[in-house]
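J.: Sequence first, predicted model second:
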Amino acid sequence: MPAYHQMGHDSWNLLAEPRLSAYAGVVLSPVNDTEERMCKQLATLAHENLEIVFDPQLYYPRSDRGKLPDWAYYPSDVDTADQSSLNWWAGNLSALGESVGNVGANSVCSPAGVPRSFSDSYYSLNCEICEATADRLAPQGLSVLQTVLVNLRELAVPERPAAIASIVSRASAERVYLVVVSDIEPRREIRDTDALKGVMRLIRYLQGTGIRVLVGFVSSDIVLWKAAQAADCATGKFFNLRRFTPSRFEPPAEGGGQIPYWFEESLMGFLREADLLRIRNGQLLSETSQANPFAVEILSTLDDSPGQPWLAASWRQYMHWFADIEARLASSEVDPRVLLRDAEAHWMRLEDNDILMEEPRNDGGWLRPWRRALAEALR
Amino acid sequence: MLTSGGREDLQPVAHLICEERGLEFVQHQGEGSFKQVFQVRDTEGEVLALKVLKAGAASSRTEREIEAMQRCAHPNIVALKAVSRIRVEQVAYDYVLETFVQGGTLGDRLRREGPLGRAEIAPLGHAMIDVLAHLHSLRLVHRDIKPDNVMLAEDGSTPVLVDFGIVRDLSASSLTHTWANRGPATPYFAAPEQLNNDKHLIDWRTDQFSLGVMLTYAAFGVHPFKCEGEAPDSTVARVANRGEHSRQFLELADGNGLLCLSEMTQVWPVWRYRLPQELAAVWDSTTGG
């Protein structure tokens, strides 16, 4: 039950990082690389042990998105096509198969668009697209994952998870690539308990049928998805709460435009530098953080060379934590209820001692909804 | 051809068909909304069912029914022998010839003799699950599995599924309008997705639900959702509202080692067995079928 790299802008160097070798697979992003560059990067990488998953990312095919239009499989009639037509999707599968073959991926996610309305007919069409993808690409030796995009808010409706899971589980694919679409702005955790419960139930129902769920675009919410029995979770360096939203496909600001964040397990939160120092002084850094090689690197940078940038190390610190917590949750070494309960208690301790974070909403307030979701979703 | 009561009498048409095809007319067998059924015998002595559709009754649904039956090839599904049309006095009548199953319906048998013993339930379930697997492989959903649509062969026990009148071909577009309050089905044996016209939730697991209800009825004489003293309409409403199994059913299923019936009749398809082979394995291991 491994973690997957979710590739984003300029992420290749992370795949070569030996201290991030716990990742078992990579979800490629054709939005960020041309076919030529992706092939070149993969050729230089020792990836025999990595599962290479190709996500065609035709989510918003109405406009140009990054490098997508450079790919041979990107449909030239995208602006005029009827995207509710199975024939249109199926007609593009040969070209997709060729691109995926050139890249040398082991697996491919069925193409799927983000709809205006996440209706039953939309999920039915996705099932059919998945079947067509399997018919066309499985003979190439590719494992096909059914892409399932779900609207976070809609999953708060009590019967939706079971209805969606009922449709999705009709497809013959044994794996699902689950993407939660939301309009929550970056740097905010999901606080809607009912929606969280909905996602957890959807995962649990699918896993209960024997379908293996790979949740994409995951962040610290991995704790909830793993508790719901998600087999695999994917994250990337930008998923320190940069979610699956339309804006995700805009290239991020480079280097100095970004602020480094430290992920602190004892608080289940992301901290800016000044907050990290406060927490450190308050003896609240978790043992896990202290054992994280990139965390150690960051702390020594802060001690020895104050003012030195540590953005690249911050991505690695988070990604190391992610793979580590995934393994500990999968092996039941960590009880998610205890993890969240303790984190909430630590935030309360900070509050009681007037230790406040720089960002006003960085107060651990999401932990109560998370704990409720955990307690109620799996009853 | 109308009788004095205004009812359409298709027996003369049946006689003409027999004449044209060299068949021997045996007797009138029964009548549905759109057709009349006759027993006939071919030159080799095999008894067949001749179904004559009322004039103008042929529809998209009839075409789907015939297409579906033509694709099926299973010992527990009624075999279609011929499909044709005859013109009588400028009126066209469509008709089909099927194998005639001699032993009456399972419904008649249950009404006459009560629930079946375990020794009979096991092979009945095994055969019907195999039928569902066959239909699933053809992307067909029967949508009307019930004791009255299961004939028993001459041996009195081999089931044969009949009446594909509301079969759904998942490869073709649905013929049921989205605005309809309820999809086509026999309500007492229908799954919640049929009762609520949740068209996109219909697949082989819909038949699995109906089969689960039918096997429960055949084994225990009850509906899995029926509370004691309750009218059938209330039971159907409970299924439509995705309510809970009755305590009586759960006790019977548990006490008889047939809890798989509870899985088969879960209110959401995703909670039922996902694949026919999975259901078959569980059924055979629990019943020794």
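T.: Nice, I can see it. Numbering: from 1, shown residues only, chains lettered A, B, ... in the order given.

J.: how about the residues of the stretch 151-300 of chain A that lie near chain B?
T.: By C-beta under 8 Å from any C-beta of the partner chain, the residues of the stretch 151-300 of chain A that approach chain B are A:159, A:162-163, A:165-170, A:205-206, A:208-211. (Each C-beta comes from the backbone N, C-alpha and C, glycine too.)

J.: Of these, just the buried ones, PyMOL syntax please.
T.: Applied in PyMOL, the following selects the buried portion of these according to 16 or more other C-beta atoms under 10 Å in any protein chain shown:
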select buried, chain A and resi 162+163+165+166+167+168+169+170+205+206+209+211
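
J.: how much space between the nearest residue to residue A:90 once chain neighbours are set aside and residue A:171?
T.: Excluding its sequence neighbours, the residue lying closest to residue A:90 (C-beta to C-beta, 6 or more residues apart in numbering or on different chains) is residue A:132, at 4.3 Å. Residue A:132 sits at a distance of 10 Å from residue A:171 (criterion: C-beta to C-beta, to the nearest Å).

J.: For the stretch 251-379 of chain A, just list every one of the strands.
T.: Per DSSP state E, counting those that start in this stretch, the stretch 251-379 of chain A carries strands over the ranges A:262-264, A:269-271.

J.: And the last one, how far out from the chain middle?
T.: Translated: strand A:269-271. Centre-to-centre, strand A:269-271 and its host chain are 17 Å apart (C-alpha atoms, centre = their mean, to the nearest Å).

J.: Same check on the first one?
T.: A distance of 17 Å separates the centroid of the chain from that of strand A:262-264, by C-alpha atoms, centre = their mean.

J.: So what touches it?
T.: A:220, A:240, A:269-273, A:275-276, A:279, A:284-286, A:289, A:295, A:298, A:314, A:317-318, A:321 (C-beta atoms under 8 Å, 6 or more residues apart in numbering or on different chains).

J.: Make sure residue A:52 is actually in contact with residue A:25.
T.: Yes. With contact defined as C-beta atoms under 8 Å, residue A:52 reaches residue A:25; the gap is 7.1 Å.

J.: Does residue B:250 touch residue B:262 like I think?
T.: Yes. Contact criterion C-beta under 8 Å: residue B:250 and residue B:262 qualify, at 6.4 Å.

J.: mind checking the SS state of the nearest residue to residue A:315 once chain neighbours are set aside?
T.: Distances taken as C-beta to C-beta, 6+ apart put residue A:237 closest to residue A:315, at 3.7 Å, once the chain neighbours are dropped. Under DSSP: H, G, I helix; E, B strand; the rest coil, the three-state class of residue A:237 is coil.

J.: other SSEs contacting the longest strand anywhere in chain A?
T.: If you go by DSSP state E, chain A has its longest strand at strand A:143-151. Contact partners of strand A:143-151 among helices and strands, from 3 or more C-beta pairs under 8 Å, 6 or more residues apart in numbering or on different chains; DSSP states H and E: strand A:107-109, helix A:120-137, helix A:160-168, strand A:175-181.

J.: contacts for the last one?
T.: To tie it back to what came earlier, the one meant is strand A:175-181. Residues contacting strand A:175-181 (C-beta under 8 Å, 6+ apart): A:27, A:53, A:55, A:107, A:109, A:114, A:143-152, A:155, A:168, A:199, A:202-203, A:206, A:211-217, A:230, A:243-245.

J.: elements contacting the strand or helix carrying residue A:199?
T.: Element membership of residue A:199 [criterion: DSSP states H and E] is helix A:193-208. Helices and strands touching helix A:193-208, by 3+ C-beta pairs under 8 Å, 6+ apart, are helix A:160-168, strand A:175-181, strand A:212-215, helix A:222-227, helix A:367-377.

J.: how about TSV for those, with distance to residue B:280 added?
T.: Converted to TSV, the helices and strands packed on helix A:193-208 look like this (distance: least, C-beta to C-beta, whole Å):
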stretch	distance to residue B:280
helix A:160-168	21
strand A:175-181	23
strand A:212-215	23
helix A:222-227	33
helix A:367-377	32
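
J.: Can you say which of the ones you listed is nearest to residue B:29?
T.: helix A:160-168 (39.0 Å; C-beta to C-beta).

J.: Who are the packing partners of the closest one?
T.: helix A:120-137, strand A:143-151, helix A:193-208.

J.: residues touching residue 95, list them.
T.: Chain wasn't specified; assuming chain A. Here residue A:95 is in contact with A:72-73 (criterion: C-beta under 8 Å, 6+ apart).

J.: try chain B instead
T.: By C-beta under 8 Å, 6+ apart, the neighbours of residue B:95 are B:13, B:17, B:50-53, B:83-86.

J.: In a strand, it, correct?
T.: Yes. According to three-state DSSP, residue B:95 belongs to a strand.

J.: Per-residue pLDDT of it, please?
T.: Here the pLDDT value assigned to residue B:95 is 93.

J.: Please name the bridge partners of it.
T.: residue B:52, residue B:84 (DSSP bridges).

J.: mind showing which ranges of the stretch 101-250 of chain B have poor pLDDT?
T.: B:174-183 (pLDDT under 70).

J.: In it, which residue sits closest to chain A?
T.: residue B:200 (3.7 Å; C-beta to the nearest C-beta).

J.: Enumerate every residue touching the spatially closest residue to that residue that is not a sequence neighbour.
T.: Nearest residue to residue B:200, sequence neighbours excluded (C-beta to C-beta, 6+ apart): residue A:120, at 3.7 Å. Residue A:120 makes contact with A:163, A:167, B:198-201, according to C-beta under 8 Å, 6+ apart.

J.: which ones are touching residue 146?
T.: All of this refers to chain A. Residue A:146 neighbours (C-beta under 8 Å, 6+ apart): A:109-110, A:126-127, A:130, A:168, A:171, A:173, A:175-177.

J.: Let me rephrase: I mean chain B.
T.: Applying C-beta under 8 Å, 6+ apart, the residues near residue B:146 are B:107, B:186, B:188-189, B:210, B:213-214.

J.: again, only using 6 Å
T.: Shown in contact with residue B:146 (C-beta atoms under 6 Å, 6 or more residues apart in numbering or on different chains): B:186, B:189, B:214.

J.: residues from the stretch 1-150 of chain A in reach of chain B?
T.: With C-beta under 6 Å from any C-beta of the partner chain as the criterion, the stretch 1-150 of chain A comes near chain B at residues A:120-121, A:124.

J.: Sticking with residue B:38, tell me its helix or strand.
T.: strand B:35-41.

J.: Is it correct that residue B:41 is in contact with residue B:25?
T.: No. The criterion here is C-beta atoms under 6 Å, and residue B:41 misses it with residue B:25 at 8.3 Å.

J.: Where do the domain boundaries of chain A fall?
T.: Using automatic domain parsing, the domain ranges for chain A come out as A:3-249, A:262-377.

J.: With respect to residue B:159, which of the ones you listed lies nearest?
T.: Comparing those by C-beta to C-beta, domain A:3-249 comes nearest, at 26.0 Å.

J.: Tell me, how many residues neighbour the residue lying closest to residue B:245 once chain neighbours are set aside?
T.: Take residue B:245 and drop its neighbours on the chain: the residue closest to it by C-beta to C-beta, 6+ apart is residue B:224, 5.2 Å away. For residue B:224, the neighbour count with other C-beta atoms under 10 Å in any protein chain shown is 27.

J.: surely residue B:224 meets residue B:217?
T.: No. Counting by C-beta under 6 Å, residue B:224 does not reach residue B:217; the two are 8.7 Å apart.

J.: Okay, and the beta partners of residue B:28?
T.: Counting by DSSP bridges, the residues bridging with residue B:28 are residue B:38.
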